[in-house]
Each structure stands twice: as structure tokens, then as C-alpha cells.
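**Q** The following comprises the amino acid sequence and a computationally predicted model.
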Amino acid sequence: MTWSSTEALTRIDGAAAGGEFGRSIGLWVDEQCLFGNAPYVDGARGAVYAISGQPGVLSAGSGGYAQGTGEGAYMSATTRVSSAGRVAVAQVGDRGGEGSVFVLDGRALCAGTTGAVD
């Protein structure tokens, strides 16, 4: 299985200019889903986006997304995906700079689930 794209994915579901979409990515090969982050979107709240498709074809806006807990959280400074589809994301600005890590359900994100993490 190979992945390629004929166009750059620069704007996904509201990831505005300056959001730095793609700073960190993770690929879940079994479910053909790519996860990309945008830590500076929405007042640096940040978000991680799921982009699903067939090998060789990525469809922008095809999956869901999870947003950070609040302004300045910088969600998904890093994105890692396990073989079971668990997506680990960091929020380095959460809790007054203490930071936190969330483990998200990659299957739900690939299917289109959206919302903020708690």
C-alpha cells in the first residue's frame, strides 16, 4: 500500500492560515486514515484532524476532528498513532503550562466524530 497526494492539504475544516496544519502527523495504515495537527488554530486552542480515504487518495474534510480544551492549549504539539488506532495528542499549554496528554479513539475520528476534548 502506498500513499501519495497530488495536491497539498493546507486547509482542513476551518484550520485557518497560521494554524500550522501538519506540524505533526500520524498515519493509521490499517484504517487508511491520516491524522494531522494544527496547534495554532482557534486562538492557539489547537486541533487534530482525521483525513480518510483510499490508498493514494486523501480526502480533505472526510474525517472528524478534536479541539483543544481552551485558548493557548496548543493541542497536538505531537501526534502519535498506535496499531490499534489510539491517537495520543499533547496539549503543552494546558493547565497553566503544566500540559496534558489525551488518548483519542482514532476509529471515531476517522468516521467523522468532532468536538472538544475534556
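**A** Yes, it's here.

**Q** C-alpha only now, for contacts and for neighbours.
**A** OK.

**Q** Find the residue at the geometric middle of the protein.
**A** Closest residue to the average C-alpha location of the chain: residue 48 at 2.1 Å, with C-alpha atoms, centre = their mean.

**Q** Ignoring the adjacent residues along the chain, who's closest to that residue?
**A** Once flanking residues are discounted, residue 48 sits nearest to residue 37: 4.2 Å by C-alpha to C-alpha, 6 or more residues apart in numbering.

**Q** Show me where this structure has its helices.
**A** Along the chain, the stretches classed as helices by DSSP state H are 41-44, 106-110.

**Q** for the first one, packing partners?
**A** Meaning helix 41-44. Contact partners of helix 41-44 among helices and strands, from 3 or more C-alpha pairs under 8 Å, 6 or more residues apart in numbering; DSSP states H and E: none.

**Q** how many neighbours does the residue nearest to residue 48 have?
**A** For residue 37, the count of nearby residues is 30 (other C-alpha atoms under 10 Å).

**Q** And for residue 108?
**A** 16.

**Q** Residue 67 now?
**A** Residue 67: 24 surrounding residues under other C-alpha under 10 Å.

**Q** what sits against the residue lying closest to residue 72 once chain neighbours are set aside?
**A** Distances taken as C-alpha to C-alpha, 6+ apart place residue 44 nearest to residue 72, at 4.7 Å, with adjacent residues excluded. By C-alpha atoms under 8 Å, 6 or more residues apart in numbering, the residues touching residue 44 are 19, 71-75.
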